[in-house]
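J.: could you work out the structure for the sequence below:
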Amino acid sequence: MADKSWKTMEVMVKGIFLGGSLGAVVGWTGLIPLAKAVALGMLCGCLASLSFHDRMDGKRKPGDRKDDE
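T.: Residues are numbered from 1 along each chain as shown. Below you'll find the predicted structure:
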């Protein structure tokens, strides 16, 4: 159970970093202020990574999951 929560946390952190990076690029172009772009990117990255993680968990068969051991 603890491994699953660490995996979820790892996916969230990766999504936050990726979203924040994309938000910084958008902020540098001048479309919206940099701080707002990074904050929105981090929020969107977190939500996107969690939804992607849930979709991937739903597609696996119960016997294929390593967490069940």
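J.: residue 40 and residue 7: what is the separation?
T.: 26 Å (CB to CB, to the nearest Å). To be clear about C-beta, it is placed using only N, CA and C from the backbone, and glycine gets the same treatment.
J.: neighbour-wise, which of those two wins?
T.: A direct count of neighbours by other CB atoms under 10 Å for residue 40 and residue 7 places residue 40 higher, at 17 against 14.
J.: wait, that one sits on residue 23?
T.: Yes. With contact defined as CB atoms under 8 Å, residue 40 counts as touching residue 23 (5.8 Å).
J.: tell me which residues of stretch 12-21 are tucked away?
T.: Neighbour-count burial for stretch 12-21, with 16 or more other CB atoms under 10 Å as criterion, is recorded at 12, 15-16, 18-20.
J.: so which of those comes closest to residue 57?
T.: residue 12 (13.9 Å; CB to CB).
J.: quick check on that closest one: phi, psi?
T.: Backbone torsions for residue 12, taken as degrees, to the nearest 10, come to phi -60, psi -40.
J.: what's the strand or helix carrying residue 47 packed up against?
T.: Here residue 47, judged by DSSP states H and E, is contained in helix 34-59. Applying 3 or more CB pairs under 8 Å, 6 or more residues apart in numbering; DSSP states H and E, we find helix 34-59 packed against helix 2-29.
J.: how far does the helix it packs on sit from the chain's center?
T.: 5 Å (CA atoms, centre = their mean, to the nearest Å).
J.: now do stretch 47-64
T.: 12 Å.
J.: so what touches that stretch?
T.: 7-8, 11-12, 14-16, 18-19, 65, 68 (CB atoms under 8 Å, 6 or more residues apart in numbering).
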